[in-house]
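In: pasting the structure only:
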């Protein structure tokens, strides 16, 4: 396992982190005992960063992570979680407010609830689970989170950018306003590369890259029959409904033709694509089995994609927002 600086925090985190959305059950039925074993296996293999949220299974993901932390007898595991706003912004709104969406009572209540579910005395990274382009000047949320830092309830503050809106974090990155920003970044969703990642690198803002496998499409496992196997109402069943799934398969074939032979399996190329950017501190693929953990960790060997291939992949940029 390779380790990277987490921005200017002084942390050394595994470049492969554990994304914990699926632990809450939104992506299909999960066995909590199996999830805990998967987490413990990840820790044994060197993963020391876990990302979860109050939203994931209404806190259940945090509870499962908490169980694993209590059973873990090894070194430090950095735990990142998130608080959702009191009102989710409309995905069509290009300028959603941040002021007033994370009032003091709401932040304090949710921190206490997350501490209880995780079973820890302090949350390593507390992230706002929504952001807007004016968040860097609408700072009512920061007063409360700074007070919670002084109280020792949380250590570092981060923000999680809305899907397909990486530029909303650019001004905050230029200011070095928070310790980290979480953003979608993968071979399809490439816009973060243009402005956000350079700005974050300039100020030592850690970048947490989510969805490196594009919610599974870049795993290389999808076939024409895959959609029919998903549970109705599950996250992926809703996200890839209608003609979205067929369109994804078509674009995957073009992507694989562009990559060609000699760079490994599609999932391996997808992981290395994100790891090849030095502004990225950690990537957080969702992992639901020990096999997934081992496959992802195998990509953490210091190898990077050739710049020539990364440039050719620019033509496969495909920005979507399946929540609109």
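Out: Cool, got the structure. In this text, all values refer to a predicted model and were calculated from it rather than measured experimentally. Residues are numbered from 1 along each chain as shown.

In: what's in contact with stretch 300-309?
Out: The contact list for stretch 300-309, computed with C-beta atoms under 8 Å, 6 or more residues apart in numbering, reads 1, 2, 14, 15, 16, 259, 263, 269, 272, 273, 275, 276. Yep, even glycine has a C-beta here, placed from its N, CA and C like the rest.

In: Determine the number of other residues adjacent to the fifth one.
Out: This points to residue 16. Burial of residue 16 is recorded as 29 neighbouring residues (other C-beta atoms under 10 Å).

In: Could I get the contacting residues of residue 251?
Out: By C-beta under 8 Å, 6+ apart, the contact set of residue 251 is 188, 316, 318.

In: By neighbours, which of those residues wins?
Out: Neighbour counts for the contacts of residue 251 peak at residue 188, which has 21 neighbours (criterion: other C-beta under 10 Å).

In: after the helix or strand bottoming out on mean pLDDT in the chain, next one along is what?
Out: The helix or strand of the chain with the lowest confidence, counting by mean pLDDT, DSSP states H and E, is helix 235-239 at a mean of 87. Sequence order places helix 244-259 as the next helix or strand after helix 235-239, per DSSP states H and E.

In: if we can go back for a sec, from the chain's centre, how far out does the least confident helix or strand of the chain sit?
Out: Mean-position distance between helix 235-239 and its chain equals 17 Å (C-alpha atoms, centre = their mean, to the nearest Å).

In: Packing partners of that helix?
Out: Judged by 3 or more C-beta pairs under 8 Å, 6 or more residues apart in numbering; DSSP states H and E, helix 235-239 has no packing partners among the helices and strands.

In: what sits up against that helix?
Out: Helix 235-239 is contacted by residues 21, 26, 27, 215, 216, 227, 230, 231, 322 when judged by C-beta under 8 Å, 6+ apart.

In: Can I get the buried part of these as one ChimeraX selection?
Out: The buried residues among the contacts of helix 235-239 can be selected in ChimeraX (16 or more other C-beta atoms under 10 Å) with this line:
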select :21,26,27,215,216,227,230
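
In: returning to that earlier point: find the pair from the contacts of stretch 300-309 with maximum spatial separation.
Out: With C-beta to C-beta as the measure, no two of the contacts of stretch 300-309 lie farther apart than 14 and 259, at 25.7 Å.

In: one step back: any idea which of the contacts of residue 251 is closest to residue 166?
Out: Using C-beta to C-beta, residue 188 comes nearest to residue 166 of the contacts of residue 251, at 13.2 Å.

In: And the pLDDT for the closest one?
Out: Per-residue confidence (pLDDT) for residue 188: 96.

In: Then residue 25?
Out: On the pLDDT scale, residue 25 gets 85.

In: ditto for the one 3 residues further on
Out: Among the per-residue scores, residue 28 holds a pLDDT of 80.

In: any idea how far it is from residue 292?
Out: 13 Å (C-beta to C-beta, to the nearest Å).

In: Have a look at the two and say which one is more surrounded.
Out: Legend: neighbour count by other C-beta under 10 Å for residue 28 and residue 292, higher for residue 292 (18 against 15).

In: give me the low-pLDDT residue ranges for the stretch 101-250 of the chain?
Out: Along the stretch 101-250 of the chain, no part satisfies pLDDT under 70.

In: returning to that earlier point: give me the subset of the contacts of residue 251 that lies in helices.
Out: Among the contacts of residue 251, DSSP state H puts none in helices.

In: Now render those residues as a markdown table, adding distance to residue 90.
Out: Formatted as a markdown table, the contacts of residue 251 follow (distance: C-beta to C-beta, whole Å):
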| residue | distance to residue 90 |
| --- | --- |
| 188 | 24 |
| 316 | 29 |
| 318 | 23 |
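
In: Mind telling me what element residue 69 is part of?
Out: In the assignment (DSSP H and E), residue 69 maps to helix 60-71.

In: and the spatially closest residue to residue 17 that is not a sequence neighbour, what does it touch?
Out: With C-beta to C-beta, 6 or more residues apart in numbering as the criterion, residue 17 has its nearest non-adjacent residue at 3.7 Å, and that residue is residue 49. By C-beta under 8 Å, 6+ apart, the contact set of residue 49 is 6, 13, 14, 17, 18, 77, 78, 80, 282, 284.

In: quick one: which two of these are the most distant?
Out: 6 and 18 (14.7 Å).

In: So which residues of the stretch 201-324 of the chain form helices?
Out: With helices called from DSSP state H, counting those that start in this stretch, the stretch 201-324 of the chain shows them at 235-239, 244-259, 266-275, 290-297, 307-312.

In: all strands of the stretch 151-300 of the chain, in order?
Out: Using DSSP state E, counting those that start in this stretch, the strands of the stretch 151-300 of the chain run over 154-160, 180-184, 206-210, 280-284.
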